[in-house]
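Q: Take a look and give me a structure for this.
(one chain, ligands or ions: 1)
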Amino acid sequence: MSSDAAVRRGQLFIVSAPSGAGKTTLVERLVEQVPHLRMSRSYTSRPARDGETNGVDYNFVTRQRFETMVAAGDFLEWADVFGNLYGTCASDTERLLADGSDVVLVIDVQGARQVRQLRPGATTVFVMPPSFPILEQRLRGRSKDSEAAIVRRLAVAREEVASFTEYDYIVVNDELTAAVDRLRGIILAERCRIDCMRREAEGIVKTFC
Ligand code: 5GP
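A: The predicted structure follows:
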């Protein structure tokens, strides 16, 4: 990247997918491969699962603390997902963007709708499993959840996939490496848009004078 890029404001990306579609693994791989791309760390009122760490996977907070943050207007977006509250801290996101990093929010369909209203320039990607039976197989294979939780997640997934038309891009997570490649392609193409490249291009044009 040129020295100009250090002061350029970052771009905002949203990735949504039904639970079990593999979006977290996809986005983790993506940020490993793409420089200057950061994944936002959400706040949640849900308890940490085995193997999850506070400040790494999420900022785990009590429901009361979460509600205080909502009242203080701390969230860019927030939503109730499966009975727990999840939200993106506005100032954390702003800090990353102001530093010139591109930021990916891995959030549900409700949260994506809120961010689209506030930040119409955000690029939105919907990750889909190849089919309902494959999603069901993945959720059951994960086997961390109770049968009731799986049935609930599948019911929500049915509603969520119907929202795919609200998104700019669709990535089918049929095979991890190929799906990461397509996501990376989206990020790199968005970085080449005229709105993003104008200053750098103007600098180049000046060298022709
Ligand atoms: P999980 O509890 O399995 O980590 O996440 C459950 C759902 O909450 C997923 O669909 C995930 O994308 C969504 N989610 C995670 N963080 C946020 C957030 O900050 N905002 C919103 N709206 N959804 C989130």
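
Q: which residues does whichever residue of the chain sits closest to the ligand contact?
A: Per C-beta to the nearest ligand atom, residue 111 is where the chain lies closest to the ligand, at 2.4 Å. C-beta coordinates here come from the backbone N, C-alpha and C atoms, glycine included. Residue 111 makes contact with 14, 16, 77, 78, 79, 86, 87, 88, 105 under the criterion C-beta atoms under 8 Å, 6 or more residues apart in numbering.

Q: what bits of the protein have low per-residue confidence?
A: Within the chain, the segments meeting pLDDT under 70 span 1-7, 143.

Q: Can you name the residues of it that neighbour the ligand?
A: Proximity of the chain to the ligand, by C-beta under 6 Å from any ligand atom, involves residues 19, 42, 46, 77, 79, 81, 86-88, 106-108, 110-111.

Q: out of those residues, who's nearest residue 8?
A: residue 88 (21.6 Å; C-beta to C-beta).

Q: looking at it, that closest one is touching residue 74, isn't it?
A: No. Residue 88 is beyond contact range of residue 74, at 9.7 Å (criterion: C-beta atoms under 8 Å).

Q: which one of those two has more residues nearby?
A: residue 88 (24 against 17; other C-beta atoms under 10 Å).

Q: So that one: helix, strand or coil?
A: Secondary structure state of residue 88, per DSSP: H, G, I helix; E, B strand; the rest coil, is strand.

Q: who's it bridged to?
A: Here residue 88 sits in beta bridges with residue 77, as judged by DSSP bridges.

Q: wait, what's in contact with it?
A: For residue 88, the contact set (C-beta under 8 Å, 6+ apart) comprises 40, 42, 43, 75, 76, 77, 78, 105, 107, 111, 115.

Q: how does it look with 10 Å?
A: Residue 88 makes contact with 14, 40-43, 74-79, 103, 105-107, 111, 114-115, according to C-beta atoms under 10 Å, 6 or more residues apart in numbering.

Q: Pull the number of nearby residues for residue 146.
A: 9.

Q: That one reaches residue 139, doesn't it?
A: No. The pair residue 146 / residue 139 is not scored as a contact, 11.4 Å apart, by C-beta atoms under 10 Å.

Q: picking that back up, of the contacts of residue 88, which belong to helices?
A: Per DSSP state H, helices hold the following members of the contacts of residue 88: 111, 114, 115.

Q: Can you get me a residue count around residue 61?
A: Number of residues near residue 61 (other C-beta under 10 Å) recorded here: 18.

Q: what's the answer for residue 142, then?
A: The number of residues near residue 142, taken as other C-beta under 10 Å, comes to 12.

Q: Not counting its neighbours along the chain, what's nearest it?
A: residue 20 (6.7 Å; C-beta to C-beta, 6 or more residues apart in numbering).
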